[in-house]
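[1] Quick one: sequence plus predicted model below, questions after.
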Amino acid sequence: MNARTIDIAPSILSADFSRLDDEIDAVKRGGATILHVDVMDGHFVPNLTVGLPVVKSIAQATDLPIDAHLMISEPGRYAQQFVEAGASMVSVHVEADAHLHRTLGSIKAAGAQAGVVLNPATPIESLAEALPFVDYVLVMSVNPGFGGQKFIPTSIDKLRRLRRMIDDRQLDIRIEIDGGVDLENIASIVNAGAEIIVAGSAIFGTADPESAVRGLRDATVQWV
């Protein structure tokens, strides 16, 4: 596999919000290049998390790009607002948006990268018509809604098939993965084609988030 850029994107939902500035500074020192923010509405997924005001506050507190993952119903109603709040990347679920092309276009028109997300049981073929309009695809390797879940092993094959689909069509699209990523599986994940690595518990669930990010990055060095 050719050399490529691997981004480590700590999932801020797993951080200690009482000392969020310190947590962000630590992962940045460790080599994080993106901050991943999970937005859940308690409807599309069974949990409720941060919204527009928190994304805006985080964007004002760091120069790292904000990657907003919208796990919400009717994402087209809100996607552009997350760009306006400071997100550099906004992704929406193919399962949640009946007007995916329009939503992706609105994200790009607002000045951000547009991504589409696949749940574990959603086939990559559902992206066939949407691929030309996205900058990245986020593969969920756990069922969305809660942190700390175990990585679904079949996600590796899904990554390989998605990478092949993108390359066969000669599209410039990156692959992101989210869910259960740790030091034990990150090498296989990157080898299968992922380039943006989201990790929550493996970083903020440790005593030293800075070292945790550095360890994940070091584990990918042979592909960089």
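    Okay, I see it. Bear in mind the structure is a predicted one, so any value in this text is a computation, not a measurement.

[2] Keeping just the C-alphas, turn the longest helix seen in the chain into CSV.
    Criterion DSSP state H: the longest helix present in the chain is helix 155-168. The C-alpha coordinates for helix 155-168 follow below in CSV (Å, rounded to 0.1, in the frame of the first residue of the first chain):
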residue,chain,number,x,y,z
SER,A,155,-15.2,-4.4,9.9
ILE,A,156,-11.8,-5.2,8.6
ASP,A,157,-13.2,-6.9,5.5
LYS,A,158,-15.7,-4.1,5.1
LEU,A,159,-12.8,-1.6,5.0
ARG,A,160,-11.0,-3.6,2.4
ARG,A,161,-14.0,-3.9,0.2
LEU,A,162,-14.8,-0.1,0.6
ARG,A,163,-11.2,0.8,-0.3
ARG,A,164,-11.4,-1.4,-3.4
MET,A,165,-14.7,0.2,-4.4
ILE,A,166,-13.2,3.7,-4.1
ASP,A,167,-10.0,2.9,-5.9
ASP,A,168,-11.7,1.1,-8.7
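
[3] and it, what does it pack onto?
    Counting contacts by 3 or more Cβ pairs under 8 Å, 6 or more residues apart in numbering; DSSP states H and E, helix 155-168 is packed against strand 136-140, strand 174-178, helix 186-191. Placement of C-beta: from N, CA and C, glycine included.

[4] Please spell out which residues along the second one are buried.
    Same thing as strand 174-178. Of the residues in strand 174-178, 174-178 count as buried by neighbour count, 16 or more other Cβ atoms under 10 Å.

[5] Partner strands of it and their direction?
    Applying DSSP bridges to the sheet, strand 174-178 is found paired with strand 136-140 (parallel), strand 196-199 (parallel).

[6] out of those strands, nearest to Asp157?
    For the strands paired with strand 174-178, the distance to Asp157 is smallest for strand 136-140, at 10.9 Å, taking Cβ to Cβ.

[7] could you give the angle of that closest one to helix 155-168?
    With axes from the mean of the first three to the mean of the last three Cα atoms, to 10 degrees applied, the angle from strand 136-140 to helix 155-168 works out at 160 degrees.

[8] Among the buried residues of strand 174-178, which one sits closest to Ala9?
    Glu176 (7.5 Å).

[9] Any idea what the closest residue to that closest one other than its chain neighbours is bridged to?
    Spatial nearest neighbour of Glu176, chain neighbours left out: Ile196 (3.7 Å); criterion: Cβ to Cβ, 6 or more residues apart in numbering. Taking DSSP bridges, one finds Asp7, Glu176 as the beta-bridge partners of Ile196.

[10] quick one: Ile196 from Gly76, how far?
    For Ile196, the distance to Gly76 equals 23 Å [Cβ to Cβ, to the nearest Å].

[11] still on that earlier bit, and the strands paired with strand 174-178 as TSV, adding mean pLDDT?
    Compiled in TSV, the strands paired with strand 174-178 are given as follows (pLDDT from 0 to 100):
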stretch	mean pLDDT
strand 136-140	97
strand 196-199	97
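
[12] after the helix or strand of the chain with the lowest mean pLDDT, next one along is what?
    Within the chain, no helix or strand scores below helix 52-61, which has a mean of 89 by mean pLDDT, DSSP states H and E. Using DSSP states H and E, the helix or strand that follows helix 52-61 towards the C-terminus is strand 66-71.

[13] pLDDT of that next one, averaged?
    Averaged across strand 66-71, the pLDDT comes to 94.

[14] CSV please, covering the strands paired with strand 174-178 and showing mean neighbour count and distance to Gln60.
    Below are the strands paired with strand 174-178 laid out as CSV (neighbours: other Cβ atoms under 10 Å; distance: least, Cβ to Cβ, whole Å):
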stretch, mean neighbour count, distance to Gln60
strand 136-140, 25, 24
strand 196-199, 25, 22
